[in-house]
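**Q** I would like to see how this sequence folds:
(one chain, ligands or ions: 2)
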Amino acid sequence: MISDFISDSLRTTALGAAMKGAGLAVRFLPIPQPTILVGPGASGRLGQTIAGFGHKKILIVTDSIISKLGLLDELTSALTAGGAEFVVFDAITPDAPIPLIEEGIDFYTAHDCDAIVAFGGGSSMDASKAIAAAVSNPGKSLRDLAGYFKGLSTPVKIYAVPTTAGTGSEVTVAAVISDPERQAKLVIVDTRLVPKMAALDPCLMTGLPPHITAATGIDALTHAIESFIGKWANPYTDDMALSAVGLIFDNLRVAYSDGKNLAAREKMALAATYAGLAFTRANVGYVHAIAHQFGGRYHTPHGLANAIMLPLVLRYSLPAVTDRLALLAVRAKLGKESEGEDALAQKFLDAVVQLNRDLAIPTFLAALKKADIPQLAEAACREAHTGYPVPRYMTQAQCEDLIRQVLPPQTELEVAPRKAATARKPAVATRKPAPRAKKPA
Ligand SMILES: NC(=O)c1ccc[n+]([C@@H]2O[C@H](COP(=O)([O-])OP(=O)(O)OC[C@H]3O[C@@H](n4cnc5c(N)ncnc54)[C@H](O)[C@@H]3O)[C@@H](O)[C@H]2O)c1
Ligand SMILES: [Fe+2]
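**A** Ligands and ions are numbered 1, 2, ... in the order given. A predicted model of the protein is given here:
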């Protein structure tokens, strides 16, 4: 017991120091920032602009829903009017798996392209980034490229048009893709993956269904919060994160219930980009570490996985970040500074829970299986402890406890048969009694 405690606390101290050092390095790492066009018609303006850049042929990477909805029209009309050649690869699926991205690489090569427009949600944008990295580094597989700066050559130029207000991938250094063989997500990180230009066009987002608006909006909120409470936060990332949190509390409910509200859609698009600018420098934390495991194993939509874990991880982190949560509460207009940090931080936690409720986000993960929890927690802790500057470390056992809290209700009954027995008879018998150990003869 004591040795467990000692090793955990030692590990915590060592990891804390290592992360602080890495944070200092990140602070001085120049991360490029795209030129950002904002407002109705921005995707057409992006098309007009890049048509003049002299590309031989541009590959537009998107998904079939987006192309069927006609969301590409303004961009493609502008490219045609500007005399630019382009081809469309619209086969991307959520959390694009490696074989699909390989098809995109072949398509790019077959059409002899020299630039990419990443058009869609995070899945299309990240698939585009992965294609860009792979075509410039033909000797490396996508698995080889996973990790930090694994490609020697600079990826081909990417321009981004997000159609969800969530991931912030239009400004980030990361591409998240799925490895179906390992049931895991892979992350390719390279500052040269940041798109050169991005268009935030609210008109493209008015048809986004409410449940996707909700999940992606909470993804953006999670980026803002995790970057703000993490140990790599700096004055620039703080500004971005605070702005994002303010905009999200003011606009997400409106965008959810009145999807055609252009003003709310535009503010949410800005919020997602601000949150992206924050977390691509200050990184994320346990919410993402756990959400990535849910995504890899159960294909849970990324935003939904974050939304389910966010209140629990915040409650766990509270003792280390009361002052920071209090600042977020003030920015979200939940109270005044004079109320004191404890009260404000609690208000912020309550407001996150209420926001989830208003957006019909469940409090549990329907697909979660009790037997998977140790593996999920182990992978989440490995991810967090090797890359994320979390404000309060947790052991694997603590992580398992958190994940257990989002088991679906039926499983909860199975987990606690005695509690169920008092609630209703007959008890749900889910486990056979353990076989008795044989007495030594
Ligand atoms: N690179 C990063 O920095 C970063 C950050 C966070 C998340 N991600 C990754 O991004 C992915 C999730 O992206 P996402 O949440 O944007 O979802 P998504 O791209 O998977 O899209 C979700 C669904 O919404 C639909 N959709 C998108 N835009 C639409 C629109 N305007 N109208 C109607 N339907 C539309 C898509 O067709 C899809 O079915 C995950 O793989 C996640 O890991 C990346
Ligand atoms: Fe995210």
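
**Q** CA atoms for contacts and neighbours, from now on please.
**A** OK.

**Q** so who does whichever residue of the stretch 251-400 of the chain sits closest to ligand 1 touch?
**A** Per C-alpha to the nearest ligand atom, residue 302 is where the stretch 251-400 of the chain lies closest to ligand 1, at 5.2 Å. Counting by C-alpha atoms under 8 Å, 6 or more residues apart in numbering, residue 302 makes contact with 215, 216, 219, 291, 292, 295.

**Q** could you check which helix or strand contains the third one?
**A** Read that as residue 219. Using DSSP states H and E, residue 219 sits in helix 210-229.

**Q** in TSV: the contacts of residue 302, plus pLDDT.
**A** As requested, the contacts of residue 302 are exported to TSV (pLDDT from 0 to 100):
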residue	pLDDT
215	98
216	98
219	98
291	97
292	95
295	94
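
**Q** I'd like to know which of those residues are buried.
**A** 215, 216, 219, 291, 292, 295 (16 or more other C-alpha atoms under 10 Å).

**Q** quick one: stretch 253-272 to chain centroid distance?
**A** For stretch 253-272, the separation from the chain centroid amounts to 19 Å (computed by C-alpha atoms, centre = their mean, to the nearest Å).

**Q** let me see the mean pLDDT of it.
**A** Averaged across stretch 253-272, pLDDT comes to 98.

**Q** let's have the chain start at 20 instead
**A** Okay, using 20 as the starting number, the last item reads as stretch 272-291.

**Q** what residues sit buried inside it?
**A** Within stretch 272-291, the residues scored as buried using 16+ other C-alpha under 10 Å are 272-275, 278-291.

**Q** how about stretch 365-377?
**A** Result for stretch 365-377 [16+ other C-alpha under 10 Å]: buried residues 365, 366, 367, 368, 370, 371, 372, 374, 375.

**Q** in helices, which of these appear?
**A** Among the buried residues of stretch 365-377, DSSP state H puts 365, 366, 367, 368, 370, 371, 372, 374, 375 in helices.

**Q** reformat these as JSON lines; add pLDDT and distance to residue 105.
**A** Below are those laid out as JSON lines (pLDDT from 0 to 100; distance: C-alpha to C-alpha, whole Å):
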{"residue": "365", "pLDDT": "98", "distance to residue 105": "52"}
{"residue": "366", "pLDDT": "98", "distance to residue 105": "50"}
{"residue": "367", "pLDDT": "98", "distance to residue 105": "47"}
{"residue": "368", "pLDDT": "98", "distance to residue 105": "47"}
{"residue": "370", "pLDDT": "98", "distance to residue 105": "46"}
{"residue": "371", "pLDDT": "98", "distance to residue 105": "43"}
{"residue": "372", "pLDDT": "98", "distance to residue 105": "45"}
{"residue": "374", "pLDDT": "98", "distance to residue 105": "42"}
{"residue": "375", "pLDDT": "98", "distance to residue 105": "41"}
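
**Q** nearest to residue 127 among those residues?
**A** Of all those, residue 127 sits closest to residue 375, with 40.1 Å by C-alpha to C-alpha.

**Q** just to check, that closest one is in contact with residue 328?
**A** No - Residue 375 is beyond contact range of residue 328, at 10.7 Å (criterion: C-alpha atoms under 8 Å).

**Q** mean confidence score for stretch 386-406?
**A** 96.

**Q** what's the answer for stretch 417-433, then?
**A** In this model, stretch 417-433 has an average pLDDT of 86.

**Q** now residue 68: which helix or strand?
**A** Here residue 68 sits within helix 61-70, counting by DSSP H and E.

**Q** wait, does that helix contact ligand 1?
**A** No - Helix 61-70 stays clear of ligand 1 (C-alpha under 6 Å from any ligand atom), getting no nearer than 12.4 Å.

**Q** what residue ranges in this structure score low on pLDDT?
**A** For the chain, the stretches with pLDDT under 70 are 20-47, 430-460.

**Q** which parts of it sit against ligand 1?
**A** Selection of the chain residues close to ligand 1 by C-alpha under 6 Å from any ligand atom yields 82, 84-85, 113-114, 139-143, 145, 182-183, 185-188, 191, 193-196, 223-224, 226-227, 235, 321-322.

**Q** okay, and which of those map to strands?
**A** Residues of the residues of the chain next to ligand 1 located in strands (DSSP state E): 139, 193, 194, 195, 196.

**Q** any chance of JSON lines for those, columns neighbour count?
**A** Formatted as JSON lines, those follow (neighbours: other C-alpha atoms under 10 Å):
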{"residue": "139", "neighbour count": "27"}
{"residue": "193", "neighbour count": "25"}
{"residue": "194", "neighbour count": "26"}
{"residue": "195", "neighbour count": "23"}
{"residue": "196", "neighbour count": "28"}
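
**Q** just send these back as JSON lines, with distance to residue 332 too.
**A** What follows is these, written out as JSON lines (distance: C-alpha to C-alpha, whole Å):
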{"residue": "139", "distance to residue 332": "29"}
{"residue": "193", "distance to residue 332": "23"}
{"residue": "194", "distance to residue 332": "24"}
{"residue": "195", "distance to residue 332": "22"}
{"residue": "196", "distance to residue 332": "24"}
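
**Q** of all the residues you listed, which two lie farthest apart?
**A** Spanning the widest gap among these are 139 and 193, at 15.7 Å by C-alpha to C-alpha.

**Q** can you pull the buried residues of stretch 383-402?
**A** Buried residues in stretch 383-402, counted by 16+ other C-alpha under 10 Å: 383-384, 387, 389, 392-393, 395-400, 402.

**Q** please apply the same query to stretch 128-148.
**A** Applying 16+ other C-alpha under 10 Å to stretch 128-148 flags 132-148 as buried.

**Q** run through the helices of the stretch 170-319 of the chain in chain order.
**A** 229-248, 254-276, 281-301, 305-317 (DSSP state H, counting those that start in this stretch).

**Q** same for the longest one, what does it pack against?
**A** When you say that, I think you mean helix 254-276. The helices and strands touching helix 254-276, judged by 3 or more C-alpha pairs under 8 Å, 6 or more residues apart in numbering; DSSP states H and E, are helix 229-248, helix 281-301, helix 321-350.

**Q** want to try JSON lines for those, with distance to residue 64 as columns?
**A** Shown next, in JSON lines, are these (distance: least, C-alpha to C-alpha, whole Å):
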{"stretch": "helix 229-248", "distance to residue 64": "25"}
{"stretch": "helix 281-301", "distance to residue 64": "16"}
{"stretch": "helix 321-350", "distance to residue 64": "29"}
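
**Q** of those helices, which is nearest residue 203?
**A** Closest to residue 203 of those, according to C-alpha to C-alpha: helix 321-350, at 12.7 Å.

**Q** tell me what angle the closest one forms with helix 305-317.
**A** Angle of helix 321-350 versus helix 305-317, following axes from the mean of the first three to the mean of the last three C-alpha atoms, to 10 degrees, is 170 degrees.

**Q** residue contacts, the residue lying closest to residue 256 once chain neighbours are set aside?
**A** Leaving aside its chain neighbours, residue 256 sits nearest to residue 297 (4.3 Å; criterion: C-alpha to C-alpha, 6 or more residues apart in numbering). Residue 297 makes contacts with 242, 243, 246, 247, 255, 256, 257, 259, 260, as judged by C-alpha under 8 Å, 6+ apart.
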